[in-house]
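S.K.: would you be able to build a 3D model of this:
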Amino acid sequence: MPEPLDAALTEVRALLLDPALTRAVAAGRRRGHRPSVVRAELRPVTLKSGPRLQISTSDGARPYTRNVAPGAEAGAAVDELLAEPFGNWHVETAGTTLQLRVTKSGEAQVHRAAANRPAREPGGHDRAKDWLLDPGDPLFAEIGGSAAKRRQVDAFLRALATTLPDDLTGPLRVVDLGCGNAYLTFAAYRYLAQRGLDVELVGVDVREDQRRRNTELAERLGWTHRVRFVAGTIADAVVEPAPDLVLALHACDTATDEALARAVRWDARWVLAAPCCHHDVAAQLRSRPAPSPYELLTRQGILRERFADVLTDALRAALLRLHGYRAEVVEFVDSAHTPRNLLIRARRTGGAPTADQRAEYRELIGQWGVTPRLETLLAAGSPDGS
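M.R.: Numbering: from 1, shown residues only. This is a model prediction of the structure:
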């Protein structure tokens, strides 16, 4: 429920000046206002002169850091920051985590959670694992917190973190196409919000029952103001405005192609797709003889399927490059946890493809006699059909 903003900021002030503070971030902006800095981060440090509160700010071009003494100096510095019209505050202390978002009406939407002891590495060692999302986060009580799920969530978030620039500011529109039960969708929102970003996320799934389930979960978490779900196909679901970041995590077979094609048509700035199943190209390989001297690659069924996986994702990455993206295929979680562990990671550059890149792609599909579904979808969506 919304709370009076002044009262919520008073609570934030107390946490920022609490000796138990571990980290705080302010970012975003309130409706109709613009802070003098785009981001501020506070953390306690110990210098030769004694304990200090370190305040790092950025104007979007360069950072500025200062260390203020506890007491009146720290209080005055904190008051200056609280007077800035930031849209989001994230504050962590040894005992609690508080997230504050200023609504369009100027009220505060606040989420509070008790802090948990750091997670331990497997085997009982004392060294704490540096999770991007605390295993004690209330989210895991809702989506399940098994060790395997935590590892997969952390691996995905690390891939997401390396995709987005560190100095990203401003609103971030995210869509998860084919979100299913949406546990990675929720984890993405939680992580991005923790970074102090102004995030709006839409999850798309063809099943109405999944939409209802995920919406109910968003309500329990208090996130319906920022996270919503729609029922529809990847190709046709209404998503407005167009997203900056497109996720497609384990969308089966050509559903991944539909997600990539829609991301390209949206001119999405970033794309993360974890493919699942590759039946389309595998079926095309079965229908015709392999080019010489590669018959041995496709003669055995299991080898043909694995080769189809590799060929499909190589062609997807090539097509993204031909449409103005820098694309790479990486392993984002150990294969011991899931065999579907590849991730297509793309960033829009807007650069035109070279003649060599076009020729390289055409030679490959010509040699194997395949037509990737993504090529068909992109051609259908282009103005000239090319």
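
S.K.: residue ranges for the helices of this protein, please.
M.R.: Secondary structure of the chain (DSSP state H): helices at 5-16, 72-83, 138-143, 147-163, 183-194, 208-221, 254-266, 279-286, 295-299, 301-322, 355-368, 373-381.

S.K.: list the buried residues in the third one.
M.R.: So that's helix 138-143. By neighbour count on 16 or more other CB atoms under 10 Å, the buried set for helix 138-143 is P138, L139, F140, I143. All C-beta atoms are positioned from the backbone trio N, CA, C, and that covers glycine.

S.K.: need the contact partners of it.
M.R.: By CB atoms under 8 Å, 6 or more residues apart in numbering, the residues outside helix 138-143 that reach it are A113, L133, K149, R150, N181, Y183, F186, A187, R190, L217, R220, L221.

S.K.: hmm, which of these are the buried ones?
M.R.: Those of the contacts of helix 138-143 that meet the buried threshold are L133, K149, R150, N181, Y183, F186, A187, R190, L217, L221, by 16+ other CB under 10 Å.

S.K.: could I get the CA-only coordinates of stretch 370-384 as CSV?
M.R.: As requested, the backbone C-alpha atoms of stretch 370-384 are provided in CSV (Å, rounded to 0.1, in the frame of the first residue of the first chain):
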residue,chain,number,x,y,z
VAL,A,370,18.3,-25.2,-44.9
THR,A,371,16.1,-22.2,-44.4
PRO,A,372,16.1,-21.0,-40.8
ARG,A,373,12.8,-20.1,-39.4
LEU,A,374,14.2,-16.8,-38.2
GLU,A,375,15.2,-15.8,-41.7
THR,A,376,11.6,-16.4,-42.9
LEU,A,377,10.1,-14.4,-40.0
LEU,A,378,12.5,-11.5,-40.5
ALA,A,379,11.8,-11.4,-44.3
ALA,A,380,8.1,-11.4,-43.7
GLY,A,381,8.5,-8.4,-41.3
SER,A,382,10.6,-6.3,-43.6
PRO,A,383,9.0,-3.6,-45.7
ASP,A,384,10.4,-4.9,-49.0
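
S.K.: list the buried ones in that stretch?
M.R.: For stretch 370-384, by 16+ other CB under 10 Å, it's V370, P372, R373, L374, E375, L377, L378.

S.K.: what do you get for stretch 256-268?
M.R.: The neighbour-count check on stretch 256-268 (16+ other CB under 10 Å) flags T256, D257, E258, A259, L260, A261, R262, A263, V264, W266, A268 as buried.

S.K.: per-residue confidence at the first one?
M.R.: Translated: T256. pLDDT, T256: 95.

S.K.: now the fourth one
M.R.: Reading off the confidence values, A259 has pLDDT 96.

S.K.: what's the closest non-adjacent residue to it?
M.R.: A248 (3.4 Å; CB to CB, 6 or more residues apart in numbering).

S.K.: same check, this time on the third one
M.R.: Of all residues beyond its chain neighbours, the one nearest E258 is I234 (4.3 Å), with distances taken as CB to CB, 6+ apart.

S.K.: quick one: V25 and R43 touch, right?
M.R.: No: taking contacts as CB atoms under 8 Å, V25 lies outside contact range of R43: 9.5 Å.

S.K.: the two: which has the busier surroundings?
M.R.: Legend: neighbour count by other CB atoms under 10 Å for V25 and R43, higher for V25 (21 against 15).

S.K.: tell me how far that one lies from N341.
M.R.: Separation of V25 from N341 (CB to CB, to the nearest Å): 31 Å.

S.K.: quick revisit: okay, now the residue nearest to A259: neighbour count?
M.R.: Residues lying near A248 (other CB under 10 Å) number 27.

S.K.: can you tell me which residues contact it?
M.R.: A248 sits next to 176-178, 234, 255-256, 259-260, 263, 271-274 when contact means CB under 8 Å, 6+ apart.

S.K.: would a markdown table of the residues you listed with distance to L100 be doable?
M.R.: As requested, the contacts of A248 are arranged in a markdown table below (distance: CB to CB, whole Å):
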| residue | distance to L100 |
| --- | --- |
| D176 | 25 |
| L177 | 30 |
| G178 | 32 |
| I234 | 34 |
| A255 | 37 |
| T256 | 37 |
| A259 | 33 |
| L260 | 36 |
| A263 | 32 |
| V271 | 31 |
| L272 | 28 |
| A273 | 33 |
| A274 | 33 |
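
S.K.: if we can go back for a sec, now the buried residues of stretch 370-384 as CSV including pLDDT?
M.R.: As requested, those are exported to CSV (pLDDT from 0 to 100):
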residue, pLDDT
V370, 96
P372, 96
R373, 96
L374, 96
E375, 97
L377, 96
L378, 96
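
S.K.: out of those residues, which is nearest to V239?
M.R.: Set against V239, the nearest of those by CB to CB is L377 (16.6 Å).

S.K.: isn't that closest one up against E258?
M.R.: Yes: between L377 and E258 there is a contact at 6.4 Å, judged by CB under 8 Å.

S.K.: hey, C-alpha coordinates of stretch 147-155 in CSV?
M.R.: Below are the C-alpha coordinates for stretch 147-155, written out as CSV (Å, rounded to 0.1, in the frame of the first residue of the first chain):
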residue,chain,number,x,y,z
ALA,A,147,20.1,-25.0,-4.4
ALA,A,148,19.8,-25.8,-8.1
LYS,A,149,17.3,-23.0,-8.7
ARG,A,150,19.4,-20.5,-6.8
ARG,A,151,22.4,-21.4,-9.0
GLN,A,152,20.4,-21.1,-12.2
VAL,A,153,18.9,-17.8,-11.1
ASP,A,154,22.4,-16.5,-10.2
ALA,A,155,23.9,-17.7,-13.5
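
S.K.: so which residues make contact with stretch 34-45?
M.R.: Outside of stretch 34-45, the residues within contact range by CB under 8 Å, 6+ apart are 16, 19, 21-27, 29, 51-60, 67, 78, 81, 84-86, 167, 169, 196.
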